[in-house]
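K.L.:
Everything below, folded, please.
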Amino acid sequence: MPVDLTVDAAKFLTDFGETITYRPDGGKPRRITAIVERQDAEAEPAAGRTRQPGISIVVQNDCLAGISADEIDIGTDKVELALRVGGEQAQRALGEIISQDEGILTLRVR
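P.N.:
As a prediction, this is how the structure comes out:
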């Protein structure tokens, strides 16, 4: 039986996610559960820039349990997460909404 993420988003994230901190610009930080997708660093970074891994997060589309698409401020809101599995936490800005539905929000992290 397929999973309906509009209904089962919380269970899906609890089963497969990790805890990160959402830091809305001008708001109170909150701990949420996210699936963190870490990709390899860019093959050829722009001139003068360091290579960083690409990161996207999948969170519940909810203003209490995750991040609501209505509340997000791209470019100024931040998340605090480990850039590598088991690594130290770092703050990164939210770059763009990749996809969204009633249950799940997928965001690129800069």
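K.L.:
I'd like to know how many residues surround Gln60.
P.N.:
Gln60: 23 surrounding residues under other Cβ atoms under 10 Å. In this view, the C-beta of every residue, glycine as well, is placed from N, C-alpha and C.
K.L.:
what is the mean pLDDT for stretch 70-87?
P.N.:
Taken as a whole, stretch 70-87 has a mean pLDDT of 93.
K.L.:
centre of the chain versus that stretch, how much separation?
P.N.:
5 Å (Cα atoms, centre = their mean, to the nearest Å).
K.L.:
Endpoints of that stretch, how far apart?
P.N.:
Terminal residues of stretch 70-87 lie 31 Å apart, using Cα to Cα, to the nearest Å.
K.L.:
so who does the most centrally placed residue in the chain touch?
P.N.:
The geometric centre of the chain, computed from its C-alpha atoms, lies nearest to Ile57 (Cα atoms, centre = their mean), at 3.0 Å. Neighbouring residues of Ile57 by Cβ atoms under 8 Å, 6 or more residues apart in numbering: 20, 34-37, 79, 81, 106-107, 109.
K.L.:
Give me the distance between it and Asp70.
P.N.:
17 Å (Cβ to Cβ, to the nearest Å).
K.L.:
by contact count, what packs against the lowest-mean-pLDDT helix or strand in the chain?
P.N.:
Across the helices and strands of the chain, the lowest-confidence element by mean pLDDT, DSSP states H and E is helix 5-16, at a mean of 74. Other helices and strands packing on helix 5-16, by 3 or more Cβ pairs under 8 Å, 6 or more residues apart in numbering; DSSP states H and E, are strand 30-41, strand 53-60, strand 104-109.
K.L.:
helix or strand right after it?
P.N.:
Downstream of helix 5-16, the next assigned helix or strand under DSSP states H and E is strand 18-23.
K.L.:
Could you tell me which residues within that next one count as buried?
P.N.:
By 16 or more other Cβ atoms under 10 Å, the buried positions in strand 18-23 come out as 20, 22-23.
K.L.:
Name the nearest residue to Leu83, ignoring sequence neighbours.
P.N.:
Distances taken as Cβ to Cβ, 6 or more residues apart in numbering place Ala90 nearest to Leu83, at 5.4 Å, with adjacent residues excluded.
K.L.:
If anything else comes up later, I'll come back, but that's it for now.
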